[in-house]
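Student: Need coordinates for the below:
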Amino acid sequence: MFGTARLANRVALSSRTAFNRLASTTKASGRSWQGEESVNFSALLGTFALANTLLAMQVANCDGHEQTPIIATSTFNHQLLNKKHHGLHHHHNKGGYVDVVVGSQWGDEGKGKLVDIVSGDYDICARVAGGSNAGHTIVVEGKKYKFHLIPSAILHPKVRCVIGNGVVVHVQGFLKEMEGLQAAEVPNYKERIVISDRAHIVFDFHQEIDGYNERNLAGKKIGTTLKGIGPSYGSKTMRNGLRMGDLRDMAYFEQRLRALAAQVERSYPGIKVNVEAQLAYYNSVRDVLLPMIVDTIPLVHEALGRGEKILIEGANATMLDLDFGTYPYVTSSNPSVGSSCTGLGVPPHRLHSVTGIVKAYCTRVGEGPFPTELSGDIDNKLREAGREYGTTTGRPRRCGWIDIPQLRYSMLLNGFDELNLTKLDVLTGFDEVKIGTKYRLRGEEITFMPASLQDYAAVEVEYETMPGWAEDISKCKKFEELPVNCQRYVKRLEELLGHEIKWIGVGPGRDEIIVK
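Tutor: From the prediction side, this is the model:
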């Protein structure tokens with residue numbers, strides 16, 4: 001049907017072109033358009049062109065695509081606006097679609113909470129990048145759940161969860177999460193989780209390699225979670241990694257594992273891989289895993305063909321992206337919007353809405369430049385008020401004020417349709433709050449994100465200072481119920497970003513959120 005839409009669009013374009021040519025030819029020849037016959041003919045041709053435009057739009061909509069009609073500005077004095085309905089729940093396309101939730105800063109923005117709130121309206125929720133280095137904390141009716149590999153939507157009893165081909169899976173960690181779901185009495189969770197047979201395995205020796213590499217970097221360590229994510233992606237890139245689907249054939253699995261272990265021992269002196277113990281472990285859990293290991297590509301596309309809705313739960317965040325983040329102080333995957341296609345196997349035209357998660361201040365775990373970073377009492381106050389300790393590592397997070405130039409860069413890369421401002425309640429009790437509004441490098445304002453780590457580390461930030469608020473906002477259900485200074489802070493962020501903020505988090509609970 002995509003070809004049909006394109007054909008219809010071409011017919012419409014041809015008709016409009018003919019109409020334009022007739023108009024210009026008549027004007028050039030000096031012939032009058034006042035005669036009844038000419039008027040009728042021009043009206044007929046113009047109507048035909050418009051009808052074909054509408055046909056193209058209709059066919060495109062039937063195909064599940066949104067097409068912007070090409071209207072000749074020389075003929076029409078106004079443009080038809082094909083307005084996209086932004087939002088996680090405003091879709092009129094026939095056929096399935098994919099919505100994406102992406103972290104816009106350095107991670108730990110609170111992505112899991114929004115996913116938990118909206119995912120009950122979806123059929124599938126998927127992870128597409130990273131591994132157990134991600135940590136999402138959900139609070140439901142006062143009970144706290146922590147997820148690392150399994151999508152947060154597992155708490156909704158009708159949502160199926162997919163761990164996509166772009167994820168790297170530490171099997172021991174995954175099975176431990178499964179045990180946690182059982183202990184929490186999450187309904188029918190086993191039947192609702194599938195893992196791509198193309199997803200790569202994180203072995204214990206990958207975690208050893210992570211520690212080995214960090215130790216040898218000495219004072220220039222990256223600050224990884226030591227979960228083996230980078231080394232596993234390294235094996236994938238070197239093409240000697242093992243995938244979850246390899247567990248279907250243990251003879252092949254053993255052959256590949258022995259070759260990988262030999263390469264690891266040659267490359268990392270002091271690391272010894274107990275291949276027999278590894279084989280014994282994977283043989284022992286194979287029967288548990290195999291029912292969950294499937295080819296997720298046809299599964300996803302068949303679901304889309306049935307008109308089902310898919311939500312992608314981003315992990316990590318844009319400023320940790322391997323390509324676009326503060327390299328080399330980044331993660332080993334692409335947690336920006338692009339991984340939605342490569343990590344799940346869906347084409348770009350299936351992506352409908354991308355929602356950026358923005359913390360009301362900034363945090364960062366690990367090393368690397370952090371322009372708005374605080375120190376001293378304010379830093380400690382933010383950390384304690386926001387409980388800013390890593391879900392995965394427990395490490396204290398570095399804290400800073402919100403950074404507008406960084407957020408603009410993230411918006412540029414991801415094309416956010418909507419924004420969710422999280423943890424606004426953490427700023428309650430501060431006499432004043434600051435917004436980083438501009439970057440200066442060697443005295444000159446810059447409007448881009450430096451690729452050079454040295455330049456980014458040398459950036460100076462200009463701030464706007466706004467009065468704080470002392471009132472508890474956790475019970476506010478409408479924007480107008482927020483304290484005046486709190487409202488002003490949100491509105492100023494919207495002005496600086498040039499984008500409305502739709503969701504505002506006012507507490508950790510599922511129901512502690514304002515929808516504007």
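Student: just the strands in the stretch 151-300 of the chain please.
Tutor: For the stretch 151-300 of the chain, applying DSSP state E, counting those that start in this stretch gives strands covering 160-163, 168-169, 193-196, 200-201, 293-294.
Student: Determine which of the ones you listed approaches I473 most closely.
Tutor: Comparison of these against I473 by Cβ to Cβ identifies strand 160-163 as nearest, at 32.3 Å. From N, CA and C alone the C-beta is placed, and that goes for glycine too.
Student: neighbouring contacts of the closest one?
Tutor: Contacts to strand 160-163, defined as Cβ atoms under 8 Å, 6 or more residues apart in numbering, come from residues 123-127, 149-151, 153-154, 169, 192-196, 199, 296, 299-300, 344.
Student: picking up where we left off before, which of the strands of the stretch 151-300 of the chain sits most buried?
Tutor: Most buried of these by mean neighbour count (mean count of other Cβ atoms under 10 Å) is strand 168-169; its value is a mean of 26.
Student: Please name the nearest non-neighbouring residue to R488.
Tutor: Excluding its sequence neighbours, the residue lying closest to R488 (Cβ to Cβ, 6 or more residues apart in numbering) is M466, at 6.5 Å.
Student: is it true that that neighbour lies in a helix?
Tutor: No. Counting by DSSP: H, G, I helix; E, B strand; the rest coil, M466 falls outside a helix, being strand.
Student: these two touch, right, it and I435?
Tutor: Yes. M466 lies in contact with I435 (Cβ atoms under 8 Å); the separation is 6.9 Å.
Student: okay if I get the strands of the stretch 151-300 of the chain as TSV plus mean pLDDT?
Tutor: Listed next are the strands of the stretch 151-300 of the chain as TSV, based on pLDDT from 0 to 100:
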stretch	mean pLDDT
strand 160-163	98
strand 168-169	97
strand 193-196	98
strand 200-201	98
strand 293-294	98
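Student: For E480, find the nearest of those strands.
Tutor: With Cβ to Cβ, the closest approach to E480 among those belongs to strand 160-163: 36.9 Å.
Student: Extract the C-alpha set from the closest one and format it as CSV.
Tutor: Provided in CSV are the C-alpha atoms of strand 160-163 (Å, rounded to 0.1, in the frame of the first residue of the first chain):
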residue,chain,number,x,y,z
ARG,A,160,3.4,-8.2,26.5
CYS,A,161,7.1,-7.3,27.1
VAL,A,162,9.8,-7.7,24.4
ILE,A,163,13.5,-7.6,25.0
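Student: the more surrounded of M466 and I435?
Tutor: Set side by side, M466 and I435 show more neighbours around I435, with 20 against 17, by other Cβ atoms under 10 Å.
Student: which residues does that one contact?
Tutor: 401-402, 404, 463-464, 466, 489, 492-493, 496.
Student: From the residues you listed, which land in strands?
Tutor: Among the contacts of I435, the subset assigned to strands under DSSP state E consists of 402, 463-464, 466.
Student: Look up the closest residue to V169, ignoring the ones flanking it.
Tutor: In space, and not counting its chain neighbours, V169 is closest to A199: 5.2 Å by Cβ to Cβ, 6+ apart.
Student: so that neighbour makes contact with G241?
Tutor: No. Using Cβ under 8 Å, A199 is not in contact with G241, being 10.3 Å away.
Student: The two - which one has more neighbours?
Tutor: Neighbour count, other Cβ under 10 Å: between A199 and G241, A199 has more, with 24 against 21.
Student: For this structure, give me the ranges with low pLDDT.
Tutor: Within the chain, the stretches with pLDDT under 70 are 1-94, 134-136, 138, 141, 218-223, 391-393.
Student: what about the helices in it?
Tutor: Counting by DSSP state H, residue ranges of the helices within the chain are 2-29, 36-62, 111-118, 171-183, 204-217, 229-238, 250-267, 275-289, 296-305, 339-342, 376-385, 404-414, 453-457, 484-497.
Student: Among the ones you listed, which comes closest to L311?
Tutor: Among those, helix 111-118 comes nearest to L311, with 6.7 Å by Cβ to Cβ.
Student: which helices and strands sit right next to the closest one?
Tutor: Judged by 3 or more Cβ pairs under 8 Å, 6 or more residues apart in numbering; DSSP states H and E, helix 111-118 is in contact with strand 97-103, strand 136-140, strand 309-313, strand 351-359, strand 418-422.
Student: Chain neighbours aside, what residue packs nearest to I209?
Tutor: Nearest non-adjacent residue to I209 (Cβ to Cβ, 6+ apart): P231, at 4.1 Å.
Student: That neighbour: neighbouring residues, count only.
Tutor: Per other Cβ under 10 Å, the neighbour tally for P231 reads 26.
Student: Make sure it is actually in contact with N213.
Tutor: Yes. The pair P231 / N213 is scored as a contact, 7.5 Å apart, by Cβ under 8 Å.
Student: need the contact list for Q172.
Tutor: For Q172, the contacting residues are D204, by Cβ under 8 Å, 6+ apart.
Student: ok, and the closest non-adjacent residue to T224?
Tutor: Nearest in space to T224, with sequence neighbours left out and distances taken as Cβ to Cβ, 6+ apart, is D210 at 5.8 Å.
Student: I'd say that neighbour and S232 touch.
Tutor: No. Contact criterion Cβ under 8 Å: D210 and S232 do not qualify, at 9.1 Å.
Student: Between these two, which has more neighbouring residues?
Tutor: S232 (25 against 22).
Student: Surely the more buried one and H200 touch.
Tutor: Yes. Counting by Cβ under 8 Å, S232 touches H200, with 5.7 Å between them.
Student: what do these two both touch?
Tutor: Common neighbours of S232 and H200 (Cβ under 8 Å, 6+ apart) are 168, 241.
Student: Output the helices of the chain as JSON lines; include the columns distance to G325.
Tutor: Shown next, in JSON lines, are the helices of the chain (distance: least, Cβ to Cβ, whole Å):
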{"stretch": "helix 2-29", "distance to G325": "34"}
{"stretch": "helix 36-62", "distance to G325": "35"}
{"stretch": "helix 111-118", "distance to G325": "16"}
{"stretch": "helix 171-183", "distance to G325": "24"}
{"stretch": "helix 204-217", "distance to G325": "18"}
{"stretch": "helix 229-238", "distance to G325": "13"}
{"stretch": "helix 250-267", "distance to G325": "26"}
{"stretch": "helix 275-289", "distance to G325": "32"}
{"stretch": "helix 296-305", "distance to G325": "26"}
{"stretch": "helix 339-342", "distance to G325": "13"}
{"stretch": "helix 376-385", "distance to G325": "22"}
{"stretch": "helix 404-414", "distance to G325": "10"}
{"stretch": "helix 453-457", "distance to G325": "10"}
{"stretch": "helix 484-497", "distance to G325": "20"}
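Student: And the helices and strands packed on helix 111-118: which comes nearest I378?
Tutor: Of all these, strand 351-359 sits nearest to I378, with 15.7 Å by Cβ to Cβ.
Student: Who does K143 form a beta bridge with?
Tutor: Beta bridges link K143 to V140 when assigned by DSSP bridges.
Student: Any figure for the gap between it and A303?
Tutor: Relative to A303, K143 is positioned 30 Å away (Cβ to Cβ, to the nearest Å).
Student: ok, those two, which is more surrounded?
Tutor: Between K143 and A303, counting by other Cβ under 10 Å, A303 is the more crowded of the two (18 against 9).
Student: To K475, which of the helices and strands packed on helix 111-118 lies closest?
Tutor: Closest among the helices and strands packed on helix 111-118, using Cβ to Cβ: strand 136-140, at 15.5 Å.
Student: Which residue, other than its chain neighbours, is closest to V490?
Tutor: Excluding the flanking residues, the one nearest V490 by Cβ to Cβ, 6+ apart is I501, at 6.1 Å.
Student: how many neighbours does the nearest residue to L497 once chain neighbours are set aside have?
Tutor: Sequence neighbours aside, L407 is the residue nearest to L497 in space, at 6.1 Å (criterion: Cβ to Cβ, 6+ apart). Look at L407: counted by other Cβ under 10 Å, it has 24 neighbours.
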